[in-house]
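**Student:** Fold the following.
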Amino acid sequence: MRIEDTDKERSKKEYEDDILNGLKWLDIGWDEFYKQSDRIPIYTKYLQKLLSEGKAFWCYHSEEELEKERQEQLAAKAIPRHVCEYKKSKIENRGSKIGIIRLAVDENSKKKIAFDDIIRGCVEFEERLLGDFSIAKSPDTPLYHFAVVVDDYEMEISHVIRGEDHVANTPKQILIQEALGFKKPLYAHLPLILGEDRSKLSKRHGAVSLNEYQKEGYLPEAVFNFLALLGFTPPGDKEILSREEFVSVFDLGKVHKSGAVFDTRKLDWMNGEYLKRLSDNELAEKIVQARFTIHDSRFTKDELTKIIPLARERIKKLSDISEFDYFFKEPEYKRELLKWKDKSFEEMKNSLSEVKKIIEDLGTNDKNKLRQALDELGQKLGDRGLAYWPFRVALTGCEASPDPVDIAEILGREKTLERVKRAVELL
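**Tutor:** Predicted coordinates:
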């Protein structure tokens, strides 16, 4: 685990914590831990080596001068690069002028910088087009390209696996490796994860932090499974795989070259499949552990266990339990919701009053008897919906819900009667 935090303005403790907590949640661990900010003396040693050998130098051009040069090159339709006049002067101190350390690159070179990408095949760049690029602000302030090259060497990294947006960084890092006499690692540039509009995934597409998915009630096994399928198709097109199965079939060389769309609907489906594998008791336990609340009130595992058989087919993630808030609080709804089709309020009041009498006589424990009585009421009224619709709304305040007879059994006779009476009064 390497935290790349040499850019102090963009590196914050909360970002680091977010990365570490997300990986821990996915049960992805590490054997060693490094922070670049703790390794400054190592970078300084290698920077001084390049400076002493003339392979790196101090550049004292101002930002204004560099921007003017860049704009002129763009206007001339030339590839922007900085060929620095300080490269051969070996000046290390320009008084009050602020300098930056650059790698000396041969602007007349005809050499091709090539590497075999495990995913994309042979990739080539022309050395001369890179210009003298910056590698450090000072001997004790390395920039990204330099720090990662030193880290890869010091940590004996064999494979550098990263997003395809880093392909253009690779030739610069190879030149630094060559200047330092380091062995080149293997490279694999992964396709980017895209939003459903096929643009690069960003916050405007919704949650992008693993911890946000944890808060929403996704299971880590499902998220691991889903992420592993982005850009990779296992043999046989099997989609639900354990971690061990992925390890056995994964082949870096078979990762797709095109970007993978982050389809939240597929993630919801996959998470639902993992939830189905849990027993009612296990699912209730996970919801309690996730500390989800409904209207600021916690519910017990025993209460949840009663609800799970009704809820599990509608739950795609643990937070969906909040859709069943009517088990824990009085439902709020408008009088109009109690109306069935074009029936009048008076007709609804009469039918719901009949339902109330049925509950008073039969209670809610015998579901078969209660359902039979409601069916008979529907036949008598000439429309089954006249019996069931207002009963559903009275109990849940919702247009869609599990069978109201099942809900009534869980609520019990007294609470069911209270809600039906309230609905009759509302009508």
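**Student:** tally of neighbours for the closest residue to Gln214 other than its chain neighbours?
**Tutor:** When the adjacent residues along the chain are set aside, Gln214 lies closest to Trp25, with 5.4 Å between them (C-beta to C-beta, 6 or more residues apart in numbering). C-betas here are computed from N, CA, C, even on glycine. Residues near Trp25, counting by other C-beta atoms under 10 Å, number 16.
**Student:** my read: Trp25 touches Leu210, true?
**Tutor:** Yes - counting by C-beta atoms under 8 Å, a contact exists between Trp25 and Leu210, whose distance comes to 6.2 Å.
**Student:** Which stretches in the stretch 201-350 of the chain count as helices?
**Tutor:** With DSSP state H, counting those that start in this stretch as the criterion, the stretch 201-350 of the chain has helices at 210-216, 220-228, 243-249, 264-276, 280-289, 301-311, 345-362.
**Student:** nearest to Leu194, of those?
**Tutor:** helix 264-276 (12.5 Å; C-beta to C-beta).
**Student:** For that closest one, name the packing helices and strands.
**Tutor:** helix 220-228 (3 or more C-beta pairs under 8 Å, 6 or more residues apart in numbering; DSSP states H and E).
**Student:** So what's the residue count around Ala179?
**Tutor:** For Ala179, the tally of surrounding residues (other C-beta under 10 Å) stands at 19.
**Student:** check contacts around it.
**Tutor:** Each residue near Ala179 by C-beta atoms under 8 Å, 6 or more residues apart in numbering is listed here: Leu50, Lys55, Ala56, Leu103.
**Student:** Neighbour-wise, give me the winner out of those residues.
**Tutor:** Taking other C-beta under 10 Å to define a neighbour, the member of the contacts of Ala179 with the most is Ala56, carrying 26 neighbours.
**Student:** Backbone dihedrals for that residue, please?
**Tutor:** Ala56 adopts backbone torsions of phi -140, psi 160, taken as degrees, to the nearest 10.
**Student:** Surely it touches Ile135?
**Tutor:** Yes - under the criterion of C-beta under 8 Å, Ala56 lies in contact with Ile135, with a separation of 6.4 Å.
**Student:** list the residues that contact both of those two?
**Tutor:** If you check Ala56 and Ile135 against C-beta under 8 Å, 6+ apart, the residues they both contact are Leu47, Leu50, Ile101, Arg102, Leu103.
**Student:** mind listing which of those are in helices?
**Tutor:** Leu47, Leu50 (DSSP state H).
**Student:** export the shared contacts of Ala56 and Ile135 to a markdown table and tack on pLDDT and distance to Asp403?
**Tutor:** Written out in a markdown table, the entries for these read as follows (pLDDT from 0 to 100; distance: C-beta to C-beta, whole Å):
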| residue | pLDDT | distance to Asp403 |
| --- | --- | --- |
| Leu47 | 97 | 72 |
| Leu50 | 97 | 74 |
| Ile101 | 96 | 72 |
| Arg102 | 96 | 73 |
| Leu103 | 97 | 71 |
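**Student:** Farthest-apart pair in the shared contacts of Ala56 and Ile135, please.
**Tutor:** Leu47 and Arg102 (11.2 Å).
**Student:** Quick check: neighbours shared by these two?
**Tutor:** Shared contacts of Leu47 and Arg102 (C-beta under 8 Å, 6+ apart): Ala56, Ile135.
**Student:** how about stretch 66-77: buried residues?
**Tutor:** Under the neighbour-count criterion of 16 or more other C-beta atoms under 10 Å, stretch 66-77 has Leu66 buried.
**Student:** same deal with stretch 380-399?
**Tutor:** 381, 383, 386-398.
**Student:** again with stretch 213-233
**Tutor:** Those buried within stretch 213-233 under the rule 16+ other C-beta under 10 Å are 213-214, 216-232.
**Student:** what's the answer for stretch 408-417, then?
**Tutor:** Buried residues in stretch 408-417, counting neighbours by 16+ other C-beta under 10 Å, are found at Ala408, Glu409, Ile410, Leu411, Thr416, Leu417.
**Student:** ok, now stretch 47-55?
**Tutor:** Residues of stretch 47-55 classed as buried: Leu47, Leu50, Leu51, Lys55 (neighbour count, 16+ other C-beta under 10 Å).
**Student:** Show the contacting residues for the residue in the chain sticking out farthest from the centre.
**Tutor:** Taking C-alpha atoms, centre = their mean as the measure, the residue most remote from the mean C-alpha position of the chain is Lys380, 53.7 Å away. By C-beta under 8 Å, 6+ apart, the contact set of Lys380 is empty.
**Student:** What mean pLDDT does the helix or strand in which it is found get?
**Tutor:** Mapping Lys380 onto the secondary structure by DSSP states H and E places it in helix 367-381. In this model, helix 367-381 has an average pLDDT of 95.
**Student:** what's the angle between it and helix 345-362?
**Tutor:** Comparing the axes of helix 367-381 and helix 345-362 via axes from the mean of the first three to the mean of the last three C-alpha atoms, to 10 degrees yields an angle of 150 degrees.
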